[in-house]
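Chemist: All I have is the shape, not the residue letters:
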């Protein structure tokens with residue numbers, strides 16, 4: 001299982017940010033090719049500015065399909081805008097996890 005952690009600071013209006021994240025997650029859930037194979041979670045840190053995104057997927061084909069979709073390209077553009085540039089992104093292998101994650 002592969003994953004990515006994305007972080008950035010955002011202090012702008014919440015409504016556009018929430019809408020972009022919600023639209024992206026809805027698109028993932030509605031995509032029959034990757035639903036249940038690509039999992040995405042987003043958090044707002046206690047400082048109310050740091051945003052943390054976690055994605056994980058089962059295989060390279062799942063990620064390739066996601067990245068080829070227009071909804072992914074739209075979301076990636078939104079994130080660059082919210083982050084005022086490229087966010088910090090760290091790809092990784094999932095080594096251990098608790099049940100439910």
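Modeler: Sure thing, it's come through. Source: prediction; values computed, not measured.
Chemist: Just the element for residue 6, please.
Modeler: Secondary structure assignment for residue 6, by DSSP states H and E: strand 2-9.
Chemist: and that strand, average pLDDT?
Modeler: Per-residue pLDDT values over strand 2-9 give a mean of 97.
Chemist: With stretch 90-99 instead?
Modeler: 90.
Chemist: Same check on stretch 69-87?
Modeler: The predicted model assigns stretch 69-87 a mean pLDDT of 97.
Chemist: Ok, stretch 40-48 next?
Modeler: Stretch 40-48 shows a mean pLDDT of 97.
Chemist: in it, what counts as buried?
Modeler: 40, 42 (16 or more other C-beta atoms under 10 Å). Yep, even glycine has a C-beta here, placed from its N, CA and C like the rest.
Chemist: Stretch 76-93 now?
Modeler: Of the residues in stretch 76-93, those buried under the neighbour-count criterion (16+ other C-beta under 10 Å) are 78-79, 82-83, 87.
Chemist: taking those one by one, which sit in helices?
Modeler: Using DSSP state H, the members of these that fall within helices are 78-79, 82.
Chemist: Return the distance of stretch 52-72 from the chain's centre.
Modeler: Counting by C-alpha atoms, centre = their mean, to the nearest Å, stretch 52-72 is centred 9 Å from the centre of its parent chain.
Chemist: Can you give me the distance of residue 76 to residue 25?
Modeler: According to C-beta to C-beta, to the nearest Å, residue 76 stands 14 Å off from residue 25.
Chemist: typed the wrong thing, it's residue 43
Modeler: For residue 43, the distance to residue 25 under the criterion C-beta to C-beta works out to 13 Å.
Chemist: what distance separates the start and the end of stretch 21-40?
Modeler: With C-alpha to C-alpha, to the nearest Å as the measure, stretch 21-40 spans 10 Å from end to end.
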